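Peer 1: Based on what follows, work out the 3D shape:
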Amino acid sequence: MSNEVSFKEIVRLDVELNQIQDLDILLERILLEARRVVRADAGSIYITIPPEAGKKKEEKLSFKYSQNETMQKTLPPGQKLIFSHFEISINEKSISGYCALERKMVNIPDMYNIPSESPYSFNSSFDTLTGYKTISSLTIPLVSANKRLMGVIQVLNSKDKNGNIIPFTSDHELLLSHFANNASMVLLRAYNTRLMILRMIKMAELRDPKETGTHVNRVAGYAVEIYNCWAHRRKIPKDEHHKFRDNLRISAMLHDVGKVAISDSILKKPGRFTSEEHKIMQFHTICGANLFDDINSPVDQFSRDIALTHHENWDGTGYPGWLDPLTGISLRTDDEGNPLGKKGEEIPLVGRIVALADVYDALCSKRVYKDPWTEDDALQEVRNLSGTKFDPELVECFLEILPNIKRAKALYPEEKLE
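Peer 2: Numbering: from 1, shown residues only. Model (predicted):
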């Protein structure tokens, strides 16, 4: 890979990264492309976690995604490596922490021969556990134009054209520095987009205590993993796949935003709904869809479809059915004049995906009226509802990529209820 070709590639990547809207999708893509730019076999990306308001705690780095090409090849197609989530302090004790603290690149030719005078050290526990040998590393901070530390990228084990592991060179440093500067800018934009969405969710949470930021992030994370498997099965072209999951990740977070229009006496009821209350609650689907009545982008369309149809059932017994959300007029009715439920592929794919993701998360979450179900019980319920409530193919996808689902769950752990 010559420098000339690499820089042309980076220009193309700059354009593509600017088209990604969701923070999590962007983080994974940034790490993937950073590795490609410098021929790195593996790597990790961290984001900065600011201290809680009013508390004198240090900033930390939160581990978000890790990739390892050598280990990935041992897995079945469509599955991802599972890494434990953790946080590290921004100080000189770790390589990533030191990089963030000093805001400068750290290039280590041999992780097992770090000079004794270096303030940081290498934790070889991952190598010991997996048998993978980490040799060279290049770690760089992600700093925005306004000098804000967004996170850190660490790439490992650069390879030459023959597949031999080599130290990262000065050319690699130059390429990764250029890439990181542009990645930091798009990362800040995606972070602000996520922040705006979470503020909308916070509004809903003020009305409905169940509608938390962690819940919607988990649902969106599951949705993307389910879609990835479905798209792999259907051989969806890569560009279409990437655009769809980016729009899906954002839109899925807004699946219940229509609850802001429902009365507090129902939303905050400490128990199960009566049949009449449940009928009123069903209107949150229509109210949510109406928030996106002016379609200007795929995100608007997905958000509208998800809000309206994520309570439809595969067998047609869900709600709100064939109603015009703007007028409330029934478009298809049964013999008694009630709107027919949408069924099968009449339900948009995004609605079918989020239906599964939302129910699974609800089963696994604590509520004021129930304890969380065990993992085994929740999975059995998903199996039981295949073909009635859920699209059978999506259930197959869900069960096929369970390790990915568990990883998405671990990224946004359940908040404790008071």
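Peer 1: can we go C-alpha only for contacts and neighbour counts from here?
Peer 2: Will do.
Peer 1: Give the buried residues for stretch 194-205.
Peer 2: In terms of neighbour count (16 or more other Cα atoms under 10 Å), stretch 194-205 has its buried residues at 194, 197-198, 200-205.
Peer 1: and what of stretch 9-29?
Peer 2: Those would be 10, 13-14, 17-18, 20-29, for stretch 9-29 by 16+ other Cα under 10 Å.
Peer 1: now swap in stretch 120-135 and tell me
Peer 2: The neighbour-count check on stretch 120-135 (16+ other Cα under 10 Å) flags 120-121, 134-135 as buried.
Peer 1: now the end-to-end length of it.
Peer 2: For stretch 120-135, the first-to-last residue distance is 16 Å (Cα to Cα, to the nearest Å).
Peer 1: now stretch 229-242
Peer 2: This stretch, stretch 229-242, spans 13 Å end to end (Cα to Cα).
Peer 1: now that stretch: how far from the chain's centre is it?
Peer 2: Chain-centre distance of stretch 229-242: 17 Å, with Cα atoms, centre = their mean, to the nearest Å.
Peer 1: Please point out which parts of it sit buried.
Peer 2: In stretch 229-242, counting by 16+ other Cα under 10 Å, buried: 229-231, 241-242.
Peer 1: same thing with stretch 75-93?
Peer 2: Within stretch 75-93, the residues scored as buried using 16+ other Cα under 10 Å are 78-81, 88-92.
Peer 1: Stretch 372-379 too?
Peer 2: Buried residues in stretch 372-379, defined by neighbour count with 16+ other Cα under 10 Å: 373, 378-379.
Peer 1: Break down the stretch 101-250 of the chain into its strands, ranges please.
Peer 2: Along the stretch 101-250 of the chain, counting by DSSP state E, counting those that start in this stretch, strands occupy 106-108, 137-143, 149-159, 165-166.
Peer 1: so can I have TSV of those showing mean neighbour count?
Peer 2: As requested, these are arranged in TSV below (neighbours: other Cα atoms under 10 Å):
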stretch	mean neighbour count
strand 106-108	19
strand 137-143	26
strand 149-159	25
strand 165-166	18
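Peer 1: Now tabulate the ones you listed in TSV and tack on mean pLDDT and distance to residue 410.
Peer 2: Shown next, in TSV, are the strands of the stretch 101-250 of the chain (pLDDT from 0 to 100; distance: least, Cα to Cα, whole Å):
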stretch	mean pLDDT	distance to residue 410
strand 106-108	98	29
strand 137-143	97	24
strand 149-159	97	20
strand 165-166	97	32
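Peer 1: And these: which comes nearest residue 266?
Peer 2: Comparing the strands of the stretch 101-250 of the chain by their distance to residue 266 (Cα to Cα), the top pick is strand 149-159, with 40.3 Å.
Peer 1: Can you check what angle separates the closest one from strand 137-143?
Peer 2: Using axes from the mean of the first three to the mean of the last three Cα atoms, to 10 degrees, the inter-axis angle of strand 149-159 relative to strand 137-143 is 160 degrees.
Peer 1: so what does strand 149-159 touch, helix or strand wise?
Peer 2: The contact analysis (3 or more Cα pairs under 8 Å, 6 or more residues apart in numbering; DSSP states H and E) places strand 149-159 against helix 23-37, strand 40-49, helix 95-102, strand 137-143, strand 165-166, helix 170-207.
Peer 1: Let's have those in a markdown table, adding distance to residue 402.
Peer 2: Shown next, in a markdown table, are those (distance: least, Cα to Cα, whole Å):
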| stretch | distance to residue 402 |
| --- | --- |
| helix 23-37 | 19 |
| strand 40-49 | 22 |
| helix 95-102 | 30 |
| strand 137-143 | 31 |
| strand 165-166 | 33 |
| helix 170-207 | 26 |
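Peer 1: Chain neighbours aside, what residue packs nearest to residue 393?
Peer 2: Of all residues not flanking residue 393 in the chain, residue 230 sits nearest, at 7.9 Å (Cα to Cα, 6 or more residues apart in numbering).
Peer 1: Specify the stretch among the strands of the stretch 101-250 of the chain that is closest to residue 274.
Peer 2: For those, distance to residue 274 was read as Cα to Cα. The smallest value, 47.1 Å, belongs to strand 149-159.
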